[in-house]
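J.: okay, structure incoming, though there's no sequence with it:
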């Protein structure tokens, strides 16, 4: 059943930038756990980062903490069987969402793309990270990946617990206990928003509503820019009526080069309408965040065709001038590491780049027609 989460007042929100800052905080909270750990990550690969989290999850399970772990069948294909066995031997319960199998055909495309950690049903982390070395170590070009996570305390954590519990029940038929109403911890107003594939796209609908009524600014940061027609139309219309519309998009470093080329197909009309486009240069920008006037959103959803067609996604929305100011500050800092794409430069790009854009845009369009 479609689930709408309400606005919750009285929350505490902390935005953390990059793995070297948020991983130690997440690990420290796991060490403090006394009752339960609810963990859900799309991208999990065996390595230094995963081992650090495994060690803490194992220690938590051994001291009697209930530890539940949901990983995606595709995103975790590089998470070794040996590592999974170590967790299970310690008492960690693991659910693999939609394991890959040839007999499933297109159902293999449905993925759990959410990133969530809830400690004792009181402290939650949500954002775009995975448990992988690419978010921390710099051994490859474009690494470590540039990412955002948020730590949240307060009543809205109850909704994140319920969201997790619904998926756990869907996958296992087991009903987990949900915590009662949490006491207020701050002054921030937050709401949980989700995407459940093609059938429920509250994150997109909410963003479009905000863009269509924007007065001042629409700033969007995303790793993969394959926007729907309604998204492109809303951004163009906002820019044409004088709103400051800026897009920060992954630049030359990306884990999906085909998306990098396919996304360029949409630049021309956006630029002509006054939308400003910036490509992040130093490393792979994997963060997902938007600011519209005094409203903000961040989480796992890239607002692209693929995410909205196939994935489970989770974002939080924020209605707090101070918090949105902090999010805007992160945008400003990242703009210093971007190269702006101007319309004058764009129309002069060579023919072979145009050909790549057309081919990959056509392929992405055809994939979306798969049922």
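T.: That came in fine, so what should we check first? No experiment lies behind these values; they were computed from the predicted model shown.

J.: show me how the chain divides into domains.
T.: 8-191, 192-367 (automatic domain parsing).

J.: how about the helices in the stretch 251-371 of the chain?
T.: With helices called from DSSP state H, counting those that start in this stretch, the stretch 251-371 of the chain shows them at 257-263, 267-272, 305-310, 321-335, 343-346, 351-367.

J.: re earlier: export the domains of the chain as a markdown table, with columns for mean pLDDT and mean neighbour count.
T.: (Each C-beta comes from the backbone N, C-alpha and C, glycine too.) As requested, the domains of the chain are exported to a markdown table (pLDDT from 0 to 100; neighbours: other CB atoms under 10 Å):
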| stretch | mean pLDDT | mean neighbour count |
| --- | --- | --- |
| domain 8-191 | 96 | 18 |
| domain 192-367 | 91 | 19 |
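
J.: hang on, the earlier thing: which one of the helices of the stretch 251-371 of the chain lies closest to residue 136?
T.: Judged by CB to CB, the one of the helices of the stretch 251-371 of the chain that comes nearest to residue 136 is helix 321-335, at 18.8 Å.

J.: compare the helices of the stretch 251-371 of the chain and give me the one nearest residue 89.
T.: Between residue 89 and the helices of the stretch 251-371 of the chain, the shortest gap by CB to CB is with helix 305-310, which sits at 33.1 Å.

J.: so what does that closest one touch, helix or strand wise?
T.: Secondary-structure packing of helix 305-310 (3 or more CB pairs under 8 Å, 6 or more residues apart in numbering; DSSP states H and E): helix 351-367.

J.: would CSV of the helices of the stretch 251-371 of the chain with distance to residue 85 be doable?
T.: Listed next are the helices of the stretch 251-371 of the chain as CSV, based on distance: least, CB to CB, whole Å:
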stretch, distance to residue 85
helix 257-263, 34
helix 267-272, 47
helix 305-310, 29
helix 321-335, 39
helix 343-346, 52
helix 351-367, 35
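
J.: and residue 156, which of those helices is closest to it?
T.: Proximity of the helices of the stretch 251-371 of the chain to residue 156 was assessed by CB to CB; the nearest stretch is helix 321-335, lying at 12.7 Å.

J.: and residue 368, what pLDDT?
T.: You'll see residue 368 listed with a pLDDT of 56.

J.: tell me the contacts of the residue nearest to residue 11 when sequence neighbours are not counted?
T.: Closest residue in space to residue 11, ignoring its immediate chain neighbours: residue 154 at 3.3 Å, by CB to CB, 6 or more residues apart in numbering. Applying CB atoms under 8 Å, 6 or more residues apart in numbering, one finds that residue 154 lies in contact with 8, 10, 11, 12, 182, 183, 184, 185, 186, 188, 190.

J.: those in helices, which ones?
T.: In this view, the contacts of residue 154 have no member that belongs to helices under DSSP state H.

J.: could I get those residues as TSV with distance to residue 91?
T.: As requested, the contacts of residue 154 are exported to TSV (distance: CB to CB, whole Å):
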residue	distance to residue 91
8	32
10	34
11	31
12	31
182	26
183	30
184	34
185	30
186	34
188	35
190	32
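
J.: nearest to residue 150, of those?
T.: Minimum distance to residue 150 across the contacts of residue 154 is 9.2 Å, recorded for residue 190 (CB to CB).
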